[in-house]
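J.: The amino acid sequence is not available; the structure is as follows:
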């Protein structure tokens, strides 16, 4: 029995020595993109509202009764078009009286001019007549101006809104409530607030050389409408205000957009896409290659020179389309893993997959 146990033991040892060795699993395949600096135009979306290019509130300049409204509400009017007719009869009477008085004094001055040469009247009498004529002519001019004010005309061309009075209404000169408002809608202004924090950041980047101005194209602005569609016409950046709103810590940026089809109306909410400048060495990484830790820090996996997955902490600036603009954590030439992330861990060897040839 003792020999039998030894034989069985030797048999088991021999069997174990003949068992195949366990093979290490192959390195997982991953797809990568190589980071390469490239010029990218950086833009900022700023929400704002449209405003009329010109706006004129129509008010009477004399007291009177509105005889007739001479425009269609909501229609386009031209500069000089008569909008309202005030009863002109009392103003015509004042004008006629002033004209007659001026004519009488004019004749008197002519007579006195001849008489003063012949010493028939004194120089003082002649001078008094001349002064009275000048006063009468001033009264005549005032009467003429007031008579012309009975026709209330459009000071600018544009689209006129609703009328606040009807025929037969009594109006007063320079009343606080306008009779109507004319707005010029082609072109239109777009006013958007920009935070002073963002403005200072942009100025620093320009000063440090991180951004370059794009010449004549720098002032070109795109517009996104309320429904998310792109406005077909390009606008121009006019100016940035020099006064900060203390309540919102913003400055107003004003743009001008053509509006030939009347799509833009005053007060409409829009988003303006403003060009900041060109980053000549921007590094873009697909968004699906970037994850975040519980604190929100952006992370990415790269394949290092030894073929090992390496975790990198990134600094990102903004999203551009479906990519992140990376400002730190990567160097040109780094191979960022974009596919196969679920199969790897930091420090593990990986194999870069060879892309399949494109089908024809």
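T.: In hand now; what should we look at? Predicted model only: the values in this text are computed from it and were never measured.
J.: Bridging across strands, which residues link to residue 273?
T.: When bridges are called by DSSP bridges, residue 273 pairs up with residue 45, residue 222.
J.: all strands of the stretch 201-350 of the chain, in order?
T.: 220-224, 235-240, 250-257, 269-286, 291-292, 298-303, 309-313, 315-320, 323-328, 335-339 (DSSP state E, counting those that start in this stretch).
J.: contacting residues around the fifth one?
T.: Applying Cβ atoms under 8 Å, 6 or more residues apart in numbering, the contact partners of strand 291-292 are 298, 299, 300, 341. Heads up, the C-betas are built off the backbone N, CA and C, glycines and all.
J.: Write the PyMOL selection for whichever of these are buried.
T.: A single PyMOL command selects the buried members of the contacts of strand 291-292 (16 or more other Cβ atoms under 10 Å):
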select buried, resi 298+300+341
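J.: Just give me the closest of the contacts of strand 291-292 to residue 311.
T.: Nearest to residue 311 among those, counting by Cβ to Cβ, is residue 299 at 6.2 Å.
J.: Is the closest one in contact with residue 314, as I believe?
T.: Yes. Residue 299 lies in contact with residue 314 (Cβ atoms under 8 Å); the separation is 6.7 Å.
J.: Quickly list what's touching both of those two.
T.: Residues touching both residue 299 and residue 314 (Cβ under 8 Å, 6+ apart): residue 290.
J.: circling back: residue 36 is nearest to which of the strands of the stretch 201-350 of the chain?
T.: strand 269-286 (7.6 Å).
J.: Next, the angle from that closest one to strand 335-339.
T.: 110 degrees (axes from the mean of the first three to the mean of the last three Cα atoms, to 10 degrees).
J.: Output the contacting helices and strands for strand 269-286.
T.: Secondary-structure packing of strand 269-286 (3 or more Cβ pairs under 8 Å, 6 or more residues apart in numbering; DSSP states H and E): strand 38-58, strand 180-195, helix 196-207, strand 220-224, strand 250-257, strand 323-328, strand 335-339.
J.: Next, the angle from the first one to strand 250-257.
T.: Okay, so that is strand 38-58. Put simply, strand 38-58 runs at 80 degrees to strand 250-257, going by the same axes, to 10 degrees.
J.: ok, and what's touching the following helix or strand past strand 38-58?
T.: Remark: after strand 38-58, the chain's next helix or strand is strand 64-69, criterion DSSP states H and E. Contacts to strand 64-69, defined as Cβ under 8 Å, 6+ apart, come from residues 83-87, 90-91, 150, 163, 165-171.
J.: Mind listing what's buried along strand 64-69?
T.: For strand 64-69, a neighbour-count test (16+ other Cβ under 10 Å) marks 64, 66, 69 as buried.
J.: Which SSE is immediately downstream of it?
T.: On the C-terminal side of strand 64-69, the nearest following helix or strand under DSSP H and E is strand 76-77.
J.: So which elements touch the next helix or strand after that following strand?
T.: Later in the chain than strand 76-77, the nearest helix or strand by DSSP H and E is strand 82-86. Packing contacts for strand 82-86, counted by 3+ Cβ pairs under 8 Å, 6+ apart, involve strand 64-69, strand 151-153.
J.: Show me what counts as buried in the next helix or strand after strand 82-86.
T.: Using DSSP H and E, the helix or strand that directly follows strand 82-86 along the chain is helix 89-117. Neighbour-count burial for helix 89-117 flags 90-91, 94-95, 98-99, 101-102, 105, 108-109, 112, 116 (criterion: 16+ other Cβ under 10 Å).
J.: and which of the residues you listed is nearest residue 266?
T.: Looking across the buried residues of helix 89-117 and measuring by Cβ to Cβ, the closest to residue 266 is residue 91, at 35.1 Å.
J.: what sits against the closest one?
T.: Contacts of residue 91 (Cβ under 8 Å, 6+ apart): 62, 64, 143, 146, 147, 149, 150.
J.: 7 Å - rerun?
T.: Shown in contact with residue 91 (Cβ atoms under 7 Å, 6 or more residues apart in numbering): 62, 146, 147, 150.
J.: what's the answer for residue 325, then?
T.: Applying Cβ under 7 Å, 6+ apart to residue 325 gives the contacts 282, 284, 316, 317, 318.
J.: Throw those residues into TSV and include neighbour count, thanks.
T.: Output for the contacts of residue 325, formatted as TSV (neighbours: other Cβ atoms under 10 Å):
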residue	neighbour count
282	21
284	19
316	18
317	16
318	11
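J.: now for these, which pair is the farthest apart?
T.: Across those, the longest distance by Cβ to Cβ is 11.7 Å; it joins 282 and 316.
J.: If you count neighbours, what's buried in stretch 270-286?
T.: Across stretch 270-286, burial judged by 16+ other Cβ under 10 Å covers 270-279, 282-285.
J.: got it, and stretch 227-236?
T.: Using 16+ other Cβ under 10 Å as the test for burial, stretch 227-236 gives 231, 235.
J.: Averaged pLDDT, it. What do you get?
T.: Looking at stretch 227-236 alone, the average pLDDT works out to 89.
J.: That stretch: end-to-end distance?
T.: Chord length of stretch 227-236, first to last residue, is 22 Å (Cα to Cα, to the nearest Å).
J.: How many residues are close by residue 199?
T.: Residue 199 has 16 neighbours, counted by other Cβ atoms under 10 Å.
J.: Which residue is the nearest non-sequential neighbour of it?
T.: With Cβ to Cβ, 6 or more residues apart in numbering as the criterion, residue 199 has its nearest non-adjacent residue at 6.5 Å, and that residue is residue 251.
J.: Same question for residue 175.
T.: The nearest residue in space to residue 175 (Cβ to Cβ, 6+ apart) is residue 59, at 6.0 Å.
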